[in-house]
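Chemist: Turn this into a model:
(chains A and B)
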Amino acid sequence: MQLRRVVITGTGIYSCIGKDVSEVTKSLYKGQSGIVFSQERKDLGFRSALTGYLDKPDLQGLIHRRYRNYMSQEAEYAYLSTIEALKQAKMEQDFLDNNEVGILFGNDSTAKAVIESADIIRTKKDTTLVGSGAIFQSMNSTVTMNLSTIFRLKGINFTISGACASGSHSIGMAYTMIRHGYQNVVICGGAQEVNAMAFGSFDGIGAFSIRESAPTQASRPFDIGRDGLVPSGGAATVILETLESALRRGAPILGEVIGYGFSSNGGHISQPNVDGPSRSLRMCLKDAEIMTKDIGYINAHATSTIIGDMNEAKAIYEVFGTEKPLLSSTKSMTGHECWMAGASEIVYSLAMMHNDFIAPNINLETPDEDSAKLNIAKTTIEKNFDIFLSNSFGFGGTNSTLIVKKYKG
Amino acid sequence: MSNEEIVSTTKMFLVEEFEVNEADILPSASLKDTLDLDSLDYVDLVVLIDSHFGFKVEQQDFVGMVTFQDFYNFIIKKVNK
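Modeler: The predicted structure follows:
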């Protein structure tokens, strides 16, 4: 069977550095952080009160109250990023009604909804009083079940839970399904709730930066002075379809997904290694049928943890050697968007590729020994590039790598 | 709480929760049709009554409750019990 070409025709974003692609592009260019100090978290006894800040979406007037009632916080974010992506892809409801359009989204928690329901049950000693929306907000597939209902989707429909690589795997899986002929169009992406309950247990293992006196300087991937990641979230949507479908519809072609690599570390639950990411990188490059010298930019996973950044730097150096493509971790501005990150970083990288710049790895003052071997953009760099690679890794040792190329016919 | 206050409170939360015009909530109007209720929405009516009046409605209590007046009468009877 002839493998099919897979292109990106729409992107949407709702993040702490902007509520749409246009706002986010400006923030990326300026190197603007979206990290704040949360008094609520401090009052709750968090070790770190740092977080990405997002306004609560106001969906009244946009969708029926019944649908809103079923939506978790992450589903609300994903709704906004998805309507932006659909609009850009020129994909209206009529198309969704008359074609087999799928949805694959990365999500790996619904803590707020679950805990709020549990609180009501404990207080009221009654399950009915959690209301009708609780079950649909509490399931891990909350994003896909809500969006597939709202947009009346008829194709593949499920959620991918791959920790902090969830969003990346969703794009990789959609790419695979389209490439092999199982689907023509898939709405994919990642969503991450942003609330204290979502991050309490993560804070508990001491993974977060405690640089509370300087929130915008707290996320500092690859810097020797880093002391942990900063949690964040939102949602990002990427619409994938066959090249043929995009051309037939006259949709804008924002890029072509040409490679997907994945691996599992087979090791510790939270401590990453070098071998797993390295294998994911090599598999992706092989799938894309390109050389390391062809990569114009790497969007690193680097979250601002000592061992994670160090091992990713080692893996990249091991695979790329002296090629040294420009690299940055946009988590220096956004914080770690966890389940959403693999998808949002494709949106960020596409925005850079279309606007001829590389966003800075802000707060990188002194690279450590391994980071120093990489070509990290400390400031915004004006650069035209045609191919980028994006890494995403997660707890349990799950790794995902994507390569996207500018479409030139 | 007077009967008028009960009716007023009920109308208020119905308008807010189900996003309908207060003018459409007539005593003789159909509760189900006016509020566009499906089976899950009745669960939320239970929650609303509990939070505003402090008592639990069972699902079967809605059987035979057709108009808003039926709904008001049920709540008034429960509150005054």
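Chemist: okay, now whichever residue of the stretch 1-150 of chain A sits closest to chain B: neighbour count?
Modeler: Nearest residue of the stretch 1-150 of chain A to chain B, counting by CB to the nearest CB: A:Ser132, 3.9 Å away. C-beta here means a position set from N, CA and C on the backbone, and glycine is covered the same way. The local packing of A:Ser132 (other CB atoms under 10 Å in any protein chain shown) involves 20 other residues.
Chemist: what do you get for the one 4 residues further on?
Modeler: When counting by other CB under 10 Å, one arrives at 21 neighbours for A:Phe136.
Chemist: Against A:Cys188, how distant is it?
Modeler: With the distance defined as CB to CB, to the nearest Å, A:Phe136 ends up 20 Å from A:Cys188.
Chemist: Local confidence estimate at the nearest residue to B:Lys56 once chain neighbours are set aside?
Modeler: Leaving aside its sequence neighbours, B:Lys56 sits nearest to B:Asp50 (CB to CB, 6 or more residues apart in numbering or on different chains; 5.7 Å). As predicted, B:Asp50 sits at a pLDDT of 96.
Chemist: Also A:Ser148?
Modeler: Per-residue pLDDT puts A:Ser148 at 98.
Chemist: For whichever strand or helix holds it, C-alpha coordinates in CSV please.
Modeler: In the assignment (DSSP states H and E), A:Ser148 maps to helix A:142-150. Taking C-alpha atoms only, helix A:142-150 is exported to CSV below (Å, rounded to 0.1, in the frame of the first residue of the first chain):
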residue,chain,number,x,y,z
THR,A,142,-13.3,14.0,29.1
VAL,A,143,-11.7,16.0,26.2
THR,A,144,-12.4,13.6,23.4
MET,A,145,-15.9,12.7,24.7
ASN,A,146,-16.9,16.3,24.9
LEU,A,147,-15.4,17.5,21.7
SER,A,148,-16.6,14.6,19.7
THR,A,149,-20.1,15.3,20.9
ILE,A,150,-20.0,19.0,20.4
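Chemist: and that helix, is it in reach of chain B?
Modeler: No: using CB under 8 Å from any CB of the partner chain, helix A:142-150 never reaches chain B; the gap is at least 12.4 Å.
Chemist: Let me know the next secondary structure element after that helix.
Modeler: As the chain continues past helix A:142-150, the following element, by DSSP H and E, is strand A:157-160.
Chemist: May I have the strands that pair with that following strand, each with its orientation?
Modeler: If you go by DSSP bridges, strand A:157-160 pairs up with strand A:101-106 (parallel).
Chemist: which outside residues touch the strand it pairs with?
Modeler: A:78, A:91, A:95, A:143-144, A:147-148, A:151, A:153-162, A:165-170, A:173-174, A:177, A:183-191, A:339-340, A:342-343 (CB atoms under 8 Å, 6 or more residues apart in numbering or on different chains).
Chemist: likewise stretch A:81-89?
Modeler: With CB under 8 Å, 6+ apart as the test, stretch A:81-89 has contacts from A:9-14, A:20-21, A:62, A:92, A:96, A:147, A:151, A:187, A:189, A:191, A:234-239, A:241, A:251-252, A:254.
Chemist: that older thread, so how far is the helix holding A:Ser148 off the chain centroid?
Modeler: Counting by CA atoms, centre = their mean, to the nearest Å, helix A:142-150 is centred 18 Å from the centre of its parent chain.
Chemist: re the thing from before, what's near enough to touch the residue nearest to B:Lys56?
Modeler: A:124, A:129, B:56-57.
Chemist: looking at this, it is in a helix?
Modeler: Yes: remark: B:Asp50 belongs to a helix, assigned using DSSP: H, G, I helix; E, B strand; the rest coil.
Chemist: center of the chain, which residue is that?
Modeler: You didn't pick a chain, so chain A it is. The centroid of chain A falls nearest to A:Ala341 when counting by CA atoms, centre = their mean (2.3 Å).
Chemist: That was the other one, I meant chain B.
Modeler: Most central in chain B under CA atoms, centre = their mean is B:Phe71, positioned 5.0 Å from the mean C-alpha point.
Chemist: distance of the most far-flung residue of chain A relative to its centre from A:Pro325?
Modeler: Within chain A, A:Lys125 marks the point farthest from the mean C-alpha position, 38.2 Å out by CA atoms, centre = their mean. Separation of A:Lys125 from A:Pro325 (CB to CB): 59 Å.
Chemist: same for the helix or strand containing A:Asp119, what does it pack against?
Modeler: Applying DSSP H and E as the criterion places A:Asp119 in helix A:111-124. Secondary-structure packing of helix A:111-124 (3 or more CB pairs under 8 Å, 6 or more residues apart in numbering or on different chains; DSSP states H and E): helix A:134-138, helix A:196-204.
Chemist: can you list contacts of the first one?
Modeler: Around helix A:134-138, the neighbours that count as contacts under CB under 8 Å, 6+ apart are A:70-72, A:75, A:110, A:113-114, A:116-117, A:142, A:145-146.
Chemist: quick check: mean pLDDT across that helix?
Modeler: Averaging pLDDT along helix A:134-138 gives 98.
Chemist: Please identify the buried residues of it?
Modeler: A:134-138 (16 or more other CB atoms under 10 Å in any protein chain shown).
Chemist: so how far is it from its chain's centroid?
Modeler: Using CA atoms, centre = their mean, the offset of helix A:134-138 from its chain centre is 23 Å.
Chemist: How far away from the center of its chain is stretch A:106-122?
Modeler: 22 Å.
Chemist: what does stretch A:378-391 give?
Modeler: Centroid displacement of stretch A:378-391 relative to its chain, using CA atoms, centre = their mean, is 17 Å.
Chemist: Can you verify my assumption that the residue of the stretch 1-150 of chain A closest to chain B contacts B:Asp41?
Modeler: Yes: here A:Ser132 reaches B:Asp41: they are 6.8 Å apart, a contact under CB atoms under 8 Å.
Chemist: can I assume the residue nearest to the centre of chain B sits in a helix?
Modeler: Yes: applying three-state DSSP, one finds B:Phe71 inside a helix.
Chemist: pretty sure it contacts B:Lys32?
Modeler: No: contact criterion CB under 8 Å: B:Phe71 and B:Lys32 do not qualify, at 10.3 Å.
Chemist: Now the common contact residues for these two.
Modeler: Common contacts of B:Phe71 and B:Lys32 (CB under 8 Å, 6+ apart): none found.
Chemist: Tell me who's in contact with A:Gly225.
Modeler: For A:Gly225, the contact set (CB under 8 Å, 6+ apart) comprises A:365-366.
Chemist: Specify the local secondary structure of it.
Modeler: With three-state DSSP as the basis, A:Gly225 sits in coil.
Chemist: ok, it to A:Pro215 distance?
Modeler: For A:Gly225, the distance to A:Pro215 equals 15 Å [CB to CB].
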